[in-house]
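> A structural model of the following input is requested.
(2 chains)
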2 protein chains.
Amino acid sequence: MRTRFQQGLDDLRARLLRMGGLAEQAVDRACQAYIDRDLARCHMVLEGEFQINVAEREIDELAFDLLALQQPIAVDLRFILAVTKINSDLERVGDQAVNIAERAMDLVELPKAELPVDIPRMAAAVSAMVRRSLESFIEGKAELAQAVLEMDNVVDRMKDEAFITLVKTMNERPEVTRQALDALLVARNLERVADHATNIAEDVIFWVRGADVRHNVAPETPLHQASTDTH
Amino acid sequence: MRTRFQQGLDDLRARLLRMGGLAEQAVDRACQAYIDRDLARCHMVLEGEFQINVAEREIDELAFDLLALQQPIAVDLRFILAVTKINSDLERVGDQAVNIAERAMDLVELPKAELPVDIPRMAAAVSAMVRRSLESFIEGKAELAQAVLEMDNVVDRMKDEAFITLVKTMNERPEVTRQALDALLVARNLERVADHATNIAEDVIFWVRGADVRHNVAPETPLHQASTDTH
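Numbering: from 1, shown residues only, chains lettered A, B, ... in the order given. Down below sits the predicted model:
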């Protein structure tokens, strides 16, 4: 039978996963709204932000209660602290989705313009990073997290390319400057989402290796599961 | 005489203040580098990032140790968790300073251009927000934090104005598109620094009021000081 504390940790993990799902959905929706010039979907993203902010606060409160009411052993403590860090990053992923939706709302008012930038491809790469960073956390696997760090370089390159080609477009076709600027800012927002996924992955590596080095937990033991037998 | 735990809290607070100083300095330097087209100062910002990242990890480790080795009472727990949140925001302020320095390095290679944007004024406002958000934390004062939230609206308006005038500049004077884009991105980076100051202020309000409502601490008692007599 699981103790109340263990149930609390399960609840915390489940809530963070839901939060991750909301953040990922927000980015996907915002990108789709940008691509389809879909105002209704923009509004869904703006409304979803409130839900994400509430979820963030609830996770912080639960983490606080678990720390305050119990005296977690080191490995659980690391898990709970990692949750609060990742929670912040996911909330900011939601903020970036709002920024993208705002660019989409700006774009809707402008004439269509063909631009030399592949936002859908960049969005797919960034979405995969967010998903994998969460997987690496849930499974407590530093190698998965390491793979996210490598994907970040790819996204950075995409953003740099987008930057160069779009500045060129602005110079050559001043009549589409604003559309090109919107695309450039969306590319930057996506790069920031990738940065948050990278932060999550770095936290996973830090916490997993920290738990490993300092508290003698086998490197492949998921942080949360590791505590199952100790309460 | 202060206990080891109290000394740990003092150390944590002192380190966070130093971290805040580093982050603020990085933003100031990056803005000055942008204004003066000063490559040497850009490199100082890039080198300073490493120092900030190290400081972040050390603060997280110390917070972890305090939580693991002691069983802090609720008010200290809130203080320590707030430190870890604020710590993340300060590290990201440092990242924004790097972004600004990168824009400055791009600008150095381009001809000078008069642009209708007051970056120094915006930089001063943002710097003040960072400083005050830290003060509100150190003094545990929700009203000071509230003032930071109001300043954020001012900075947002500055950024929106910069956006509008600079897009107009790009349209009318395509030959300075890249300089205008650099200015626009610096304005956005400064807005992000303001967002981090806002996050810090929101955390202060949350933690102060949370401690207040849930744990019966007088509203004006600084979080950290509140624990002085209880250990």
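
> correct me, but A:V93 touches A:A26?
Yes. Under the criterion of CB atoms under 8 Å, A:V93 is in contact with A:A26, at a separation of 7.2 Å. Just so you know, the C-beta spots here come from the backbone N, C-alpha and C atoms, and that holds for glycine as well.

> how about the residues of chain A near chain B?
Those residues of chain A that sit near chain B, judged by CB under 8 Å from any CB of the partner chain, are A:57, A:60-61, A:63-64, A:67-68, A:71, A:74, A:77-78, A:81, A:84-85, A:88, A:95, A:167, A:170-171, A:174, A:177-178, A:181, A:184-185, A:188, A:195, A:206, A:210.

> and if we set it to 6 Å?
A:L67, A:A68, A:Q71, A:A74, A:L77, A:S88, A:V167, A:M170, A:N171, A:P174, A:T177, A:R178 (CB under 6 Å from any CB of the partner chain).

> filter these down to the buried ones and hand me the PyMOL line.
Burial among these is assessed by 16 or more other CB atoms under 10 Å in any protein chain shown; the matching PyMOL selection reads:
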select buried, chain A and resi 67+68+74+77+88+167+170+174+177+178
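
> for the helix or strand hosting A:D11, buried residues please.
Secondary structure from DSSP states H and E places A:D11 in helix A:4-36. Neighbour counts over helix A:4-36 (16+ other CB under 10 Å) mark A:5-6, A:8-9, A:12-13, A:15-16, A:19-20, A:22-34 as buried.

> likewise stretch A:123-140?
A:123, A:125-130, A:132-140.

> now do the strands in chain A.
For chain A, no strands turn up when DSSP state E is the criterion.

> need the longest helix for it.
Assignment by DSSP state H gives helix A:177-215 as the longest helix of chain A.

> ok, the nearest residue to A:V155 once chain neighbours are set aside - contacts?
Nearest residue to A:V155, sequence neighbours excluded (CB to CB, 6 or more residues apart in numbering or on different chains): A:A194, at 4.1 Å. Neighbouring residues of A:A194 by CB atoms under 6 Å, 6 or more residues apart in numbering or on different chains: A:V126, A:M129, A:D152, A:V155.

> could you do A:A142 as well?
A:I205, A:V208.

> equivalent analysis for the one 10 residues further on, please.
Under the criterion of CB under 6 Å, 6+ apart, the neighbours of A:D152 are A:A194, A:T198.

> any idea which residue of chain A is furthest from its center?
A:E172 (35.2 Å; CA atoms, centre = their mean).

> quick one: that residue from A:A180, how far?
10 Å (CB to CB, to the nearest Å).

> just A:L144 next, same as before
36 Å.

> who's more crowded, these two?
Neighbours of A:L144 and A:A180, each counted by other CB atoms under 10 Å in any protein chain shown, are more numerous for A:A180; the result is 27 against 19.

> which residues touch the more buried one?
Each residue near A:A180 by CB under 6 Å, 6+ apart is listed here: A:L115, A:L166, A:T169, A:M170.

> quick one: least confident helix or strand in chain A?
Ranking every helix and strand in chain A by mean pLDDT, DSSP states H and E puts helix A:177-215 at the bottom, with a mean of 85.

> how about it: buried residues?
So, applying 16+ other CB under 10 Å, buried residues of helix A:177-215: A:177-208, A:210-212.

> how about A:M158, nearest residue that isn't a chain neighbour?
A:M122 (4.9 Å).

> what's the burial count for the one you found?
The number of residues packed near A:M122 is 23, by other CB under 10 Å.

> what stretches of chain A score poorly on pLDDT?
A:1, A:211-231 (pLDDT under 70).

> how does it look with 90?
Across chain A, the ranges flagged by pLDDT under 90 are A:1-4, A:57, A:68-79, A:81, A:138, A:140, A:167, A:171-172, A:174, A:202-231.

> against B:V83, how distant is the closest residue to A:R2 other than its chain neighbours?
Closest residue to A:R2 apart from its sequence neighbours, by CB to CB, 6+ apart: A:D10 at 7.3 Å. Note on A:D10: its distance to B:V83, by CB to CB, is 27 Å.

> now do the contacts for A:F64.
A:F64 touches nothing, counting by CB under 6 Å, 6+ apart.

> next one: it relative to B:N153, how far apart?
For A:F64, the distance to B:N153 - CB to CB - is 29 Å.

> likewise A:L12?
The gap separating A:L12 from B:N153 is 34 Å, by CB to CB.

> A:E114 too?
Taken as CB to CB, the span from A:E114 to B:N153 is 37 Å.

> distance check, the residue lying closest to A:F137 once chain neighbours are set aside against chain B.
Among residues not flanking A:F137 along the chain, A:V204 sits closest, at 4.9 Å (CB to CB, 6+ apart). From A:V204 over to chain B the distance is 14 Å, taken as CB to the nearest CB, to the nearest Å.

> A:V204 touches A:E135, doesn't it?
No. Judged on CB atoms under 6 Å, A:V204 makes no contact with A:E135 at a distance of 9.6 Å.

> alpha carbons of stretch A:18-26, as CSV, please.
Taking C-alpha atoms only, stretch A:18-26 is exported to CSV below (Å, rounded to 0.1, in the frame of the first residue of the first chain):
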residue,chain,number,x,y,z
ARG,A,18,-0.7,17.5,-17.4
MET,A,19,1.0,20.8,-17.2
GLY,A,20,3.5,19.6,-19.8
GLY,A,21,0.6,18.5,-22.0
LEU,A,22,-1.1,21.9,-21.8
ALA,A,23,2.2,23.8,-22.6
GLU,A,24,2.9,21.5,-25.6
GLN,A,25,-0.7,21.9,-26.8
ALA,A,26,-0.5,25.7,-26.5
